[in-house]
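J.: fold the following.
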Amino acid sequence: MIRDLVPSWTASAEVYGDPPGARLLPAEEAVVARAVPSRRREFASVRLCAARALAELGVAYRPLVPGERGAPRWPAGVVGSMTHCRGYRAAVVARSGEAAAVGVDAEPDEPLPRGMLETVAPLPRERDHVRELTALRPHLCWDRLLFSAKEAVYKAWFPLTARFLDFPEAEVRFDPSRGTFRADLSVPGPRVGGRELRAFHGRWAAGRGLLVTAIALPQPASAISRASSAREFTPNLL
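T.: Predicted coordinates for the structure are as follows:
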């Protein structure tokens, strides 16, 4: 599912559930030593995905322990993102010479808890957008997809800025026919390749009771050479 959402210059892996062979390294084990068994299993499974994705890049695995605000500390020369939700774990990585940032998120295809949409989408036009999409395709939980897209945006944003990004500071619009989304920033964006980033572009998919969103921001110097890739994102430097 995740591989269809990311460019060919990334590496990815996913599992549905918790494989019995997933194991943690001692430094990772220490992070979840007091966690409940389910949390320990998902923590191990998503790192198994990361190890498989890194192996595809030819990068040796090292302990992935949470850093500032929980962001994983990837090996030198690698950018990446991990996600897990009920029944699903995934990781996407890329070489830092190819990608400036990656952000992925997965959520159950279920409505947000009552009242949460107002927090996720404090802008009235964003809530109107969700209502319009719900009328168009009522079988899909657009409010939860909006939450997922904003989570993916934050995961791509934070490694570039080391700053918090609040829900109203990224306004998301979906293209339901193309399976894409755009997040316009209302705060100063990070500088990538000497230019300020004012929007993130990503892709989304729904299936197997899941909603998955992904952003892969290419490094400007190599973006043009990859434009012919069938799964390429629109360049994010706008």
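J.: in the protein, which spans are helices?
T.: Listed in chain order, the helices of the chain (DSSP state H) span 26-31, 37-57, 117-120, 124-136, 142-161, 220-223.
J.: low-confidence ranges in this structure?
T.: 222-238 (pLDDT under 70).
J.: the strands in it, which residues?
T.: Per DSSP state E, the chain carries strands over the ranges 11-15, 78-85, 88-95, 99-108, 170-175, 180-185, 191-192, 195-196, 199-207, 210-218.
J.: and those: which comes nearest Val120?
T.: Distance to Val120, taken as C-beta to C-beta, is lowest for strand 170-175 among these, at 9.4 Å. To be clear about C-beta, it is placed using only N, CA and C from the backbone, and glycine gets the same treatment.
J.: what's in contact with the closest one?
T.: Contact with strand 170-175 is made by 123, 125-126, 129, 133, 142, 145-146, 149-150, 153-154, 157, 180-186, 200, 204, as judged by C-beta atoms under 8 Å, 6 or more residues apart in numbering.
J.: can you check stretch 134-147 too?
T.: 107-112, 116-117, 120-121, 126, 130, 133, 172, 174, 176, 204, 206, 211, 213.
J.: any of those residues buried? List them.
T.: Buried by 16 or more other C-beta atoms under 10 Å: 107, 109, 112, 117, 120-121, 126, 130, 133, 172, 174, 204, 206, 211, 213, out of the contacts of stretch 134-147.
J.: and the spatially closest residue to Pro26 that is not a sequence neighbour, how many residues sit next to it?
T.: In space, and not counting its chain neighbours, Pro26 is closest to Pro63: 7.7 Å by C-beta to C-beta, 6 or more residues apart in numbering. For Pro63, the count of nearby residues is 16 (other C-beta atoms under 10 Å).
J.: ramachandran angles for Pro63?
T.: phi -50, psi 130 (degrees, to the nearest 10).
J.: also the one 4 residues further on?
T.: In terms of degrees, to the nearest 10, the main-chain angles of Gly67 are phi -110, psi -140.
J.: I'd guessed it sits against Phe158; true?
T.: No: judged on C-beta atoms under 8 Å, Gly67 makes no contact with Phe158 at a distance of 10.0 Å.
J.: with neighbour numbers in mind, choose between the two.
T.: When neighbours are counted by other C-beta under 10 Å, Gly67 and Phe158 differ, and Phe158 comes out ahead with 19 against 11.
J.: contacts only, for the residue nearest the centre of the chain.
T.: Nearest residue to the geometric centre of the chain (C-alpha atoms, centre = their mean): Val104, 1.3 Å. Shown in contact with Val104 (C-beta under 8 Å, 6+ apart): 2, 5-6, 81-83, 90-92, 152, 155, 212-215.
J.: ranking those by neighbours, who comes first?
T.: Sorting the contacts of Val104 by how many neighbours each has (other C-beta under 10 Å) puts Ala214 first, at 33 neighbours.
J.: nearest residue to that one in space, please, no chain neighbours.
T.: Residue nearest to Ala214 in three dimensions, not counting chain neighbours: Leu5, with 4.0 Å by C-beta to C-beta, 6+ apart.
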